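# structure for this input, please:
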Amino acid sequence: MTAPAEAPVRRATAADLPALAALYAHSARSLGPQVYSAKQVAAWQSFAQDAPAFADYVLGASTWLAEDAAGPLGFCGIDAHGEVRSLYGATATRGGLGSALLAHALDGARNQGQTRFAAWATPFSLPVFGRAGFALVRTARGPFQGEIFERYRVASDGIGSRP
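Take a look at the predicted model:
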């Protein structure tokens, strides 16, 4: 078995959407209860069932996925404006997968000329963004799928310094 941080990475395609939606929902179910209420977990998980919105979420960005023989391990996407739209792993093992996927996606975006990046982070992804040189800009509470979540706006100038 390949170590998560060393797993092969490739661009996500429409054919990957069912597996990525399953991974997304699994992340919500397995990680969510650590910091969210049951209603928040259900709301988070439900986004994967909205096929058109989820397809736009993944395919409306340059999304990369890491996989092994069993399927996707995680994915990360950055849109044309430098917004990190997704960063998900099948598990939160601290094995470096999130950091590796984010680095790969950022490198791809830099190769396309992007220099500034931003994201809405969760309690799970905030440390990954911090290690990648993103700075916390603000904390906000707002609705997602009908439930209120606290999120963290992070930004980077792309070279590891504060915005």
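# helix or strand for the closest residue to Glu6 other than its chain neighbours, which one?
With CB to CB, 6 or more residues apart in numbering as the criterion, Glu6 has its nearest non-adjacent residue at 7.7 Å, and that residue is Ala100. To be clear about C-beta, it is placed using only N, CA and C from the backbone, and glycine gets the same treatment. Ala100 is part of helix 97-111 when elements are defined by DSSP states H and E.
# again, but for Gly77
Using DSSP H and E, Gly77 maps to strand 71-78.
# dump that strand to CSV, restricted to CA.
These are the backbone C-alpha positions of strand 71-78, laid out as CSV (Å, rounded to 0.1, in the frame of the first residue of the first chain):
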residue,chain,number,x,y,z
GLY,A,71,-9.8,4.4,-5.1
PRO,A,72,-9.5,8.1,-4.2
LEU,A,73,-7.7,9.0,-1.0
GLY,A,74,-8.3,12.7,-1.2
PHE,A,75,-8.8,15.7,-3.5
CYS,A,76,-7.9,19.4,-3.7
GLY,A,77,-9.1,22.0,-6.2
ILE,A,78,-8.2,25.6,-6.9
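# and what about Tyr36, helix, strand or coil?
With DSSP: H, G, I helix; E, B strand; the rest coil as the basis, Tyr36 sits in coil.
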